[in-house]
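In: sequence first, predicted coordinates after that:
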Amino acid sequence: SYPTSLHIEELSASIVRSHRETTQYRPEELQALRWKVFSREEIHAYQSKSVDEMWQHCALRLTDAVQYVVEFAKRIPGFRQLGQNDQIALLKSGSMEVVLVRMSRMFNTENNTVFFDGKFAGTELFKSLACGDLIAAVFDFAHNLCALRLTEQQMAVFTALVLLNADRPCLEDRERVQRARRDVELALSHILHRDNQESLLHKLYQRVQVLKSLCALHIEKLRWFRQLYPLTVHSLFPPLYKELFG
Ligand SMILES: COc1ccc2c(n1)CCN(C(C)=O)[C@H]2C(=O)Nc1ccc(OCc2ccccc2OC)cc1
């Protein structure tokens, strides 16, 4: 059955509400925080951490963000109705993509810093990860998306679309994911039309391609790290991080 425009309006409203309920920091809080940057001494302390210490620290912080994305997914109409295995498959491949999209809300394009551990950090703070290419790509992506200045509503529906991807590996009921996705696609077009910003649609789909390569790089780096420090990953990484990205 083709969804009515009322159904699409209600769907948009419910996704925006779920987004609001599952973002740790409201835009106004981030505004207040954005100029809280780390001192030279604090940066030096992070840079003096060992590779495995810094990786564990970042994995813990990111898992904080991932938990909220899992909560968001569970509240998207159409996601809950999917089988457990399909929900896990969509989260395994989509949750880091949503964290990286949401990270653009916590990015300051004026000094190229991102929220981390309570303040805003530049790329140099992450030096001891020994993943300069991953960090550079994360910052480039956040900067580029931040520059599109998405509204919270646009971001909410866009991240729901990122999660409801029927092309993900290991899906049992693709058609069901595709049906839920179609309604969210209509919701995004509706919102962009209402905001008179249809040109954003093309730009957002382009960003999705970059997102895929960025997440593949993250998985590749995690594999590299796990080879060097198997015990750290095994006993000190958060279970959710291992389950979704391991
Ligand atoms: C929803 O958006 C956000 C955005 C940021 C944060 C949060 N929510 C809440 C939790 N949070 C806290 C508590 O600091 C922030 C965070 O995790 N920041 C952060 C973590 C790691 C970073 O680079 C390292 C890295 C990046 C990608 C992949 C692997 C990596 O390292 C192994 C950069 C920034």
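Out: Everything's here; your move. Numbering: from 1, shown residues only.
In: and the next element down the chain from the longest helix belonging to the chain?
Out: The longest helix of the chain (DSSP state H) is helix 199-228. Sequence-wise, the next helix or strand downstream of helix 199-228 (DSSP states H and E) is helix 230-236.
In: pull the distance from the helix or strand following that following helix to the chain's centre.
Out: For helix 230-236, the following helix or strand on the C-terminal side (DSSP H and E) is helix 239-245. On the basis of C-alpha atoms, centre = their mean, to the nearest Å, helix 239-245 is displaced by 15 Å from the centre of the chain it belongs to.
In: what's the answer for stretch 189-201, then?
Out: On the basis of C-alpha atoms, centre = their mean, stretch 189-201 sits 22 Å off its chain's mean C-alpha point.
In: distance between the ends of that stretch?
Out: Criterion C-alpha to C-alpha, to the nearest Å; first-to-last residue distance in stretch 189-201 is 7 Å.
In: average pLDDT across it?
Out: Averaging pLDDT along stretch 189-201 gives 96.
In: what does that stretch contact?
Out: 5, 8, 9, 12, 148, 150, 151, 153, 154, 157, 188 (C-beta atoms under 8 Å, 6 or more residues apart in numbering). In short, each C-beta sits where N, CA and C put it, glycine included.
In: next, the buried residues of it.
Out: 190, 191, 192, 197, 200 (16 or more other C-beta atoms under 10 Å).
In: check stretch 3-14 too.
Out: 8, 11, 12, 14.
In: again, but for stretch 123-137
Out: Buried-residue list, stretch 123-137, by 16+ other C-beta under 10 Å: 125, 126, 127, 128, 129, 131, 134, 135, 137.
In: wait, the fifth one touches residue 50, no?
Out: Read that as residue 129. No - if you go by C-beta atoms under 8 Å, residue 129 and residue 50 don't touch, sitting 10.5 Å apart.
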